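Engineer: Below are the sequence and a predicted model for it; my questions follow.
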Amino acid sequence: MPNTFEDQKPIPELKLDPPVQYIDILVTEIEKVLLLYDRIEIWRSSDNVTYTEITADDDYPAFVRGTSSGPFNVSGKTLSVSKNDSPPISFTFGGTDPVDLQTILDTINLILNGPHNYRCASEIPVDTNKLQLQSDLKGLSSNIQVSGNSVVDFGLTTDRVYGKTHRPILTFPTIRYRFYDTSAVIGQTYYYTYRYSSSITNRVSQFSAYIIVDPIKIMSNTVNCYIRLADNRGYPVKGRRIVIHLIRPYVFGSNPTISQPLIGVMDQRIEMITDQFGNAVTQVPVNTDLRVYIENTLLNRLINSGNSDFDLLDKLSLSYDPFNVVFQDPLIPIISIN
């Protein structure tokens with residue numbers, strides 16, 4: 001009877017790992033800290049100069065507040081509002097200049113309203129004829145951004161503004177706290193610092209040293225090396241580990257000074273694992289001799305990384321055979337002569 005079973009195709013995995021920034025805080029001597037403080041304040045900066053607290057005593061929505069008082073000369077002008085990373089909604093103001101604030105509020109709130117008596121536009125502070133636009137969410141996931149040729153008339157910022165989340169509560173005996181910054185833009189470098197505070201006395205501690213969540217690259221002398229693997233049927237090989245060894249320690253730089261010292265590459269062993277498409281990629285120093293091993297095979301390769309991105313399988317070997325079979329050194333027999 002013929003074999004009716006066939007090898008199954010690899011089943012792709014659907015995996016979603018939300019890219020959320022976070023920082024870990026270690027509170028040593030928690031007993032002493034709790035004598036004075038009960039909260040942790042988180043402050044953030046994009047330039048390590050100006051820091052803004054992204055926490056507060058409670059969860060608050062994002063808002064932008066105008067600096068100009070109405071009425072406004074905005075007839076025929078536009079205003080676009082984007083809330084919580086959603087596509088912007090545009091408004092064109094009618095009437096005759098100057099347009100009073102109540103007409104502005106009615107125009108915006110006709111569209112941007114919601115449950116719990118939510119209205120996006122309001123007059124805050126009261127009796128100032130100034131426009132405020134507010135998100136309907138609270139916390140760091142809340143954000144709002146405006147654009148259009150009327151923002152100058154209202155005195156609104158065009159930067160995206162985020163809400164605030166509640167300050168983490170210090171409790172005994174917990175000494176490790178993880179804070180997730182859901183408002184952080186992945187790919188952008190942020191600096192964080194924190195301090196303790198008291199919700200009762202408003203007392204605050206000194207700030208901690210700053211923390212970089214996504215470290216700044218201090219060495220640009222690197223290239224991408226990549227590989228793609230398939231099995232004999234043509235399907236991608238998933239989960240295969242490729243190990244790269246630097247033949248010798250590598251040092252970059254010349255004429256070192258205190259402000260610009262030499263840079264030593266510390267990772268002498270680099271690993272990468274193929275994904276569901278059989279692909280893997282990593283970065284290595286330029287012009288460096290590398291020994292490459294592919295897991296579950298007897299194959300290894302001696303290559304030089306060169307000056308540009310490269311395919312591991314396309315590199316010419318520095319030895320005689322591009323794919324060198326790994327053999328254990330032969331044992332030398334010990335002969336005893338009596």
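Structural biologist: Perfect, I can see it now.

Engineer: Residues contacting the helix or strand hosting residue 283, please?
Structural biologist: Assigned by DSSP states H and E, residue 283 belongs to strand 279-285. Strand 279-285 is contacted from outside by 219, 221-228, 236, 240, 242, 244, 246, 250, 252, 265, 270, 272-274, 290, 305, using CB atoms under 8 Å, 6 or more residues apart in numbering. In this view, the C-beta of every residue, glycine as well, is placed from N, C-alpha and C.

Engineer: Neighbouring strands of it in the sheet, and parallel or not?
Structural biologist: Based on DSSP bridges, the pairing partners of strand 279-285 within the sheet are strand 222-228 (antiparallel).

Engineer: Can you name the next helix or strand after the partner strand?
Structural biologist: With elements assigned by DSSP H and E, the helix or strand that comes after strand 222-228 is strand 241-246.

Engineer: Tell me the buried residues in that next one?
Structural biologist: Neighbour-count burial for strand 241-246 flags 242, 244, 246 (criterion: 16 or more other CB atoms under 10 Å).

Engineer: From those residues, which one has the minimum pLDDT?
Structural biologist: Lowest in pLDDT among the buried residues of strand 241-246 is residue 246, which has 83.

Engineer: That one and residue 264, how far apart?
Structural biologist: Going from residue 246 to residue 264 by CB to CB, to the nearest Å gives 11 Å.

Engineer: what do you get for residue 282?
Structural biologist: 19 Å.

Engineer: Grab the nearest non-local neighbour of residue 109.
Structural biologist: Nearest residue to residue 109, sequence neighbours excluded (CB to CB, 6 or more residues apart in numbering): residue 119, at 4.5 Å.

Engineer: I misspoke; the intended subject was residue 48.
Structural biologist: Excluding its sequence neighbours, the residue lying closest to residue 48 (CB to CB, 6+ apart) is residue 191, at 4.5 Å.

Engineer: same deal with residue 73?
Structural biologist: Spatial nearest neighbour of residue 73, chain neighbours left out: residue 97 (4.4 Å); criterion: CB to CB, 6+ apart.

Engineer: So the one you found sits against residue 70, correct?
Structural biologist: No. With contact defined as CB atoms under 8 Å, residue 97 does not count as touching residue 70 (11.1 Å).

Engineer: For residue 312, which residues are in contact?
Structural biologist: For residue 312, the contacting residues are 225-227, 242, 292, 301, 303, by CB under 8 Å, 6+ apart.

Engineer: just to revisit the earlier point, what's the pLDDT at the residue nearest to residue 48?
Structural biologist: With respect to pLDDT, residue 191 scores 93.

Engineer: can you pull the contacts of it?
Structural biologist: 44-48, 51, 210-212.

Engineer: So which residues of the stretch 51-200 of the chain form helices?
Structural biologist: Taking DSSP state H, counting those that start in this stretch, the helices of the stretch 51-200 of the chain run over residues 101-109, 151-154.

Engineer: For stretch 163-171, output the C-alpha coordinates as PDB.
Structural biologist: Written as PDB, here are the backbone C-alpha positions of stretch 163-171 (Å, rounded to 0.1, in the frame of the first residue of the first chain):
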ATOM      1  CA  GLY A 163      -1.600  62.600  28.700                       C
ATOM      2  CA  LYS A 164      -0.100  61.600  32.100                       C
ATOM      3  CA  THR A 165      -0.400  58.400  34.000                       C
ATOM      4  CA  HIS A 166      -0.500  57.900  37.800                       C
ATOM      5  CA  ARG A 167       2.700  57.700  39.700                       C
ATOM      6  CA  PRO A 168       3.800  54.200  40.700                       C
ATOM      7  CA  ILE A 169       3.000  53.500  44.400                       C
ATOM      8  CA  LEU A 170       5.800  52.400  46.700                       C
ATOM      9  CA  THR A 171       4.900  49.300  48.700                       C
END
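
Engineer: if we can go back for a sec, give me the buried positions along the strand holding residue 283.
Structural biologist: Buried positions in strand 279-285, judged by neighbour count with 16+ other CB under 10 Å: 280, 282, 284-285.

Engineer: Nearest to residue 125 among those residues?
Structural biologist: residue 282 (54.8 Å; CB to CB).

Engineer: re earlier: which among the helices of the stretch 51-200 of the chain is found nearest to residue 177?
Structural biologist: Comparison of the helices of the stretch 51-200 of the chain against residue 177 by CB to CB identifies helix 151-154 as nearest, at 38.6 Å.

Engineer: Flag every buried residue along that closest one.
Structural biologist: 151, 153-154.

Engineer: From those residues, pick the one nearest residue 58.
Structural biologist: residue 154 (27.4 Å).

Engineer: any idea of the pLDDT on the closest one?
Structural biologist: 97.
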